[in-house]
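> sequence and predicted structure are below.
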Amino acid sequence: MDVERLKEAGINYDDGVKKFAGKSELYERFLLEFLDEPHFAQMIDEINQNDIDSAFKTAHALKGVVGTLGMDDLYQCLFQLVEALRNKEQDKVEVYFAQIQKEYDRVYEGIKG
């Protein structure tokens, strides 16, 4: 994997590798698996259906995955979305979701290479 490309995509590669006990090959395998991670699409559906409770649970799970993988910028956006969903602040959900889509696309393309 192109480590510089990952870093440009908002992925804290060094921190991610540390979370995987210094095993860069294992970490990179999990980054590749993220490309098929289903929570993002599920969250979109739940938000579009205005299912706030389910969207909260899904966004929270996605935030955990993203945090573990060192996707710091995406994590910060998801943190804000999770709080907006927790507090049922629909107007903020739409704003944060636009930012999340941008960061998700950036991370996805960075990993995909």
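Happy to help now that I have it. Because the structure is predicted, anything quoted here is derived from the model rather than measured.
> what about Q80, neighbour count?
16 (other Cβ atoms under 10 Å). Every C-beta, even on glycine, is put in place using the N, C-alpha and C of the backbone.
> average model confidence for stretch 32-52?
Along stretch 32-52, the predicted confidence averages to a pLDDT of 96.
> what does stretch 63-73 give?
Stretch 63-73 shows a mean pLDDT of 97.
> with stretch 103-113 instead?
96.
> tell me which residues of that stretch come out buried.
E103, Y104, R106, V107, G110, I111 (16 or more other Cβ atoms under 10 Å).
> could I get those residues as a markdown table with distance to D73 and secondary structure?
Listed next are these as a markdown table, based on distance: Cβ to Cβ, whole Å; DSSP: H, G, I helix; E, B strand; the rest coil:
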| residue | distance to D73 | secondary structure |
| --- | --- | --- |
| E103 | 5 | helix |
| Y104 | 10 | helix |
| R106 | 8 | helix |
| V107 | 8 | helix |
| G110 | 11 | helix |
| I111 | 14 | helix |
